[in-house]
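**Q** Need a 3D model of the following:
(one chain, ligands or ions: 4)
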Amino acid sequence: VSGSNAVGTGTGVLGDTKSLNTTLSSGVYYLQDNTRGSGIFTYDMSGYSFFPDFFLPGSLWKDSDNVLNAAKDKAAVDAHYYAGVTYDYYKNVFGRNSYDNKGAAIKSSVHYSSNYNNAFWNGSQMVYGDGDGTNFISFSGGIDVVGHELTHAVTEKSSNLVYQNESGALNESLSDIFGTLIEFYNGKNPDFEIGEDIYTPGTAGDALRSMSDPTKYGYPDNYSNRYTGTSDNGGVHTNSSIINKAAYLMSEGGTQYGVTVPAIGRDKMGAIFYRANTVYLTSNATFSQARAAAVQSAADLYGAGSAEVNAVNKAFDAVGVQ
Ligand SMILES: CCC(=O)Oc1c(C)cccc1C(=O)O
Ligand SMILES: [Ca+2]
Ligand SMILES: [Ca+2]
Ligand SMILES: [Zn+2]
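**A** Numbering: from 1, shown residues only. Ligands and ions are numbered 1, 2, ... in the order given. Model (predicted):
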């Protein structure tokens, strides 16, 4: 909408208060943030569940008084706010202007379908279900989830890794890696777990996936244990854990299967994977090619014989990827 920039307040999925960039137009406030790129726009799908995709993005979220503290506001508040944090991360850390590096508008729809236990990037926008309330609550309540979804768009505009088999697992891992780095950038209860804030509200301490110990949830932490079947596009949400573990080890250090990996820290790990995604990886990359891309990226950034290059090699050794 055309109008004037405003700042509202909102209550998030977890009950936390945050300020929101909104737009005032003809006496109505909209979740339209004009301060970032070509804007961040959050829409309402109102839980409509009959062929919902036909109705995406839904209606631009409107509010009467710029105070978004109602129950139905929470998912929209977090989708909007965390999209802004994700924009800020890519802009401030890598100088990237939105997911396409050309300031593309960022669109999110919340209350997609009903009891919908998923979140996804549909090729044009982010879409968030509210969960069934037992297995999941509103997906936009997890900053690592929001960062994960928008990173699918970054990847699509960069390596464009094909969403199946090893390239698909790499695609998924990049989303988990940057979803996590965005969670650390935001600075509130950061961890190397995925989706912990919106998974099983009745159970504390669990998550969808763990980067530090994938086996906690039955996922592989080495290439020899990879899934080779056809479900989930050839195990993209399973085999991603192999690369997630390598990224975790590079960042935090550790030893597994007799291989000790020295820590280089989150920022350098992020810089290496960002350069791999934007400079070296091709759409059909294998895990082995991802290792080569990460090694080359580390060499470019820190020198061929650097401690960072050594850490990358050791991390991929530790997960059995040559
Ligand atoms: C951490 C975010 C995530 O994994 O979202 C998905 C879910 C919950 C189900 C199916 C696909 C995705 C995805 O975005 O890969
Ligand atoms: Ca997390
Ligand atoms: Ca839980
Ligand atoms: Zn994903």
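**Q** Contacts for stretch 86-95, please.
**A** 36-37, 40, 96-99, 106, 146-147, 150, 154, 178, 181-182, 185, 267, 270-271, 274 (Cβ atoms under 8 Å, 6 or more residues apart in numbering). C-betas here are computed from N, CA, C, even on glycine.
**Q** Quick one, which of those residues are buried?
**A** 36-37, 40, 96-99, 106, 146-147, 150, 154, 178, 181-182, 185, 270-271, 274 (16 or more other Cβ atoms under 10 Å).
**Q** Now do the contacts for Gln100.
**A** Slight slip there: residue 100 is Asp, not Gln. Ala153, Lys157.
**Q** what do you get if the cut-off is 6 Å, keeping everything else the same?
**A** Contacts for Asp100 were tallied using Cβ atoms under 6 Å, 6 or more residues apart in numbering; they are Lys157.
**Q** how about it, secondary structure?
**A** coil (DSSP: H, G, I helix; E, B strand; the rest coil).
**Q** same question, Gly10
**A** Recorded secondary structure, Gly10: strand (three-state DSSP).
**Q** Check this protein for the residue nearest ligand 2 and tell me.
**A** For the chain, the residue closest to ligand 2 is Asp144, as judged by Cβ to the ion, at 3.9 Å.
**Q** contacting residues around the residue lying closest to that residue once chain neighbours are set aside?
**A** Of all residues not flanking Asp144 in the chain, Gly179 sits nearest, at 4.0 Å (Cβ to Cβ, 6 or more residues apart in numbering). Listed by Cβ under 6 Å, 6+ apart, the contact set of Gly179 reads Asp144, Gly147, His148.
**Q** ok, of those residues, which one's closest to Tyr217?
**A** Asp144 (14.8 Å; Cβ to Cβ).
**Q** which residues touch that closest one?
**A** Gly179, Thr180, Glu183, Ile194.
**Q** Tell me if it really is in a helix.
**A** Yes - looking at Asp144 with three-state DSSP, it is inside a helix.
**Q** so which pair among the contacts of Asp144 is furthest apart in space?
**A** Longest span within the contacts of Asp144, Cβ to Cβ: Glu183 and Ile194, 9.2 Å.
**Q** Closest to ligand 3 out of the contacts of Gly179?
**A** Asp144 (13.4 Å).
**Q** any idea how far the closest one lies from Lys74?
**A** 17 Å (Cβ to Cβ, to the nearest Å).
**Q** Just the ones of the contacts of stretch 86-95 in helices?
**A** Among the contacts of stretch 86-95, the members found in helices (DSSP state H) are Val146, Gly147, Leu150, Val154, Phe178, Leu181, Ile182, Tyr185, Asp267, Gly270, Ala271, Tyr274.
**Q** Show me which residues of the stretch 151-300 of the chain sit near ligand 2.
**A** Glu183, Asp191, Glu193 (Cβ under 5 Å from the ion).
**Q** List only those of those residues flagged as buried.
**A** Here, 16+ other Cβ under 10 Å leaves Glu183, Glu193 buried among those.
**Q** so which of the residues of the stretch 151-300 of the chain next to ligand 2 are also by ligand 3?
**A** Applying Cβ under 5 Å from the ion to these, one finds that nothing falls near ligand 3.
**Q** any chance of the residues of the stretch 151-300 of the chain next to ligand 2 in TSV, plus distance to Ser173 and pLDDT?
**A** TSV is the format used below for those (distance: Cβ to Cβ, whole Å; pLDDT from 0 to 100):
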residue	distance to Ser173	pLDDT
Glu183	15	99
Asp191	17	98
Glu193	15	99
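**Q** Now tabulate the residues of the stretch 151-300 of the chain next to ligand 2 in CSV and tack on distance to Asn222.
**A** Shown next, in CSV, are these (distance: Cβ to Cβ, whole Å):
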residue, distance to Asn222
Glu183, 25
Asp191, 22
Glu193, 20
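**Q** which among the residues of the stretch 151-300 of the chain next to ligand 2 gets closest to Asn66?
**A** Glu183 (27.3 Å).
**Q** for the closest one, what are its contacts?
**A** Contacts of Glu183 by Cβ under 6 Å, 6+ apart are Ile143, Asp144, Pro190.
**Q** Which ones, among those, also lie beside ligand 3?
**A** When contact is defined as Cβ under 5 Å from the ion, the contacts of Glu183 do not meet ligand 3 at all.
**Q** need the residues you listed in CSV with pLDDT, can you?
**A** Below are the contacts of Glu183 laid out as CSV (pLDDT from 0 to 100):
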residue, pLDDT
Ile143, 98
Asp144, 98
Pro190, 98
